[in-house]
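Novice: test case, fold it:
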Amino acid sequence: MSVKCPRCHGLLAVDYMNDILTDGIWREQSKCLNCGSVTDAVIEANRLTPPVLTRGETPGRRGYKDRPPLTVKGVSWTRK
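Specialist: Purely as a prediction, here's the structure:
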């Protein structure tokens, strides 16, 4: 049984990355041989955890200032 890419359904291969920014340890990641999509444990954790709105931010893309403000229970969430 082969593991398929969630993006294009191509073949995923195990790849290793040296994490030089934090501790220099080699980490395992999967890379699609068809589209080049890379997934590791940190990427998966970020996909499973929804972003948290902080006061002053709108839902959607960060930095997208032209959206109308979101109002929840009388509190307006706008981008400054």
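Novice: look up how far His9 lies from the residue nearest to Cys5 when sequence neighbours are not counted.
Specialist: Excluding the flanking residues, the one nearest Cys5 by CB to CB, 6 or more residues apart in numbering is Cys32, at 3.9 Å. Backbone N, C-alpha and C define where each C-beta goes, glycine included. In this view, Cys32 and His9 are 9 Å apart by CB to CB, to the nearest Å.
Novice: repeat for Arg47
Specialist: 18 Å.
Novice: again with Ala41
Specialist: 22 Å.
Novice: note down every partner strand of the helix or strand hosting Glu28 and its orientation.
Specialist: Take DSSP states H and E as the rule and Glu28 turns out to sit in strand 26-32. Its sheet considered, strand 26-32 pairs with strand 12-18 (antiparallel), strand 38-39 (antiparallel) by DSSP bridges.
Novice: who's more crowded, Cys32 and His9?
Specialist: Cys32 (20 against 11; other CB atoms under 10 Å).
Novice: in a markdown table, list the strands paired with strand 26-32 along with distance to Arg27 and mean neighbour count.
Specialist: Formatted as a markdown table, the strands paired with strand 26-32 follow (distance: least, CB to CB, whole Å; neighbours: other CB atoms under 10 Å):
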| stretch | distance to Arg27 | mean neighbour count |
| --- | --- | --- |
| strand 12-18 | 5 | 12 |
| strand 38-39 | 11 | 14 |
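Novice: can you put these in TSV and add mean pLDDT and distance to Gly24?
Specialist: Shown next, in TSV, are the strands paired with strand 26-32 (pLDDT from 0 to 100; distance: least, CB to CB, whole Å):
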stretch	mean pLDDT	distance to Gly24
strand 12-18	88	7
strand 38-39	90	19
